[in-house]
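> predicted structure and sequence below. I'll ask about it afterward.
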Amino acid sequence: MRKANEKNGIGQSEMMENMKFEDQVLHANVQASMIFILANILATIIYKVKNREKVAR
């Protein structure tokens with residue numbers, strides 16, 4: 001993607017401005033999910049442990 005931007009002569013901020021809204025949301029979600037992956041795993045484990053009695057019924 002960087003090579004395509006250099007070929008077109010645009011920077012990162014211009015690329016983000018030219019993206020469709022849906023692509024911007026997907027881009028933000030991918031970055032956020034990589035940052036918080038350990039917290040998400042821990043939260044999932046805690047949720048399953050606390051609610052295993054309710055799930056087993």
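Now that the structure is in, tell me what you want to look at. Numbers count the residues shown, from 1 in each chain.

> CA atoms only: put the helix or strand harbouring residue 4 into CSV for me.
Element membership for residue 4, per DSSP states H and E: helix 2-8. Extracted as CSV, the C-alpha positions of helix 2-8 are listed here (Å, rounded to 0.1, in the frame of the first residue of the first chain):
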residue,chain,number,x,y,z
ARG,A,2,2.9,2.3,0.8
LYS,A,3,4.3,1.8,-2.7
ALA,A,4,0.9,2.6,-4.2
ASN,A,5,0.8,5.8,-2.2
GLU,A,6,4.3,6.8,-3.3
LYS,A,7,3.4,6.0,-6.9
ASN,A,8,0.3,8.3,-6.7
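
> chain center to the helix or strand following that helix, what's the gap?
Scanning forward in sequence from helix 2-8 by DSSP H and E, the next helix or strand is helix 12-18. Centre-to-centre, helix 12-18 and its host chain are 18 Å apart (C-alpha atoms, centre = their mean, to the nearest Å).

> any buried residues in helix 12-18, and which?
Across helix 12-18, burial judged by 16 or more other C-beta atoms under 10 Å covers no residue at all. Placement of C-beta: from N, CA and C, glycine included.

> following element in sequence after it, please.
helix 21-35.

> which strands or helices does that following helix pack on?
Taking 3 or more C-beta pairs under 8 Å, 6 or more residues apart in numbering; DSSP states H and E as the contact definition, helix 21-35 has no neighbouring helices or strands.

> and the average pLDDT for that helix is what?
What helix 21-35 shows for mean pLDDT is 80.

> what of stretch 9-18?
82.

> how far does it sit from its chain's centre?
20 Å.

> how about stretch 13-24?
15 Å.

> per-residue pLDDT, residue 49?
Residue 49 is given a pLDDT of 90.

> that one: how many residues sit nearby?
9 (other C-beta atoms under 10 Å).
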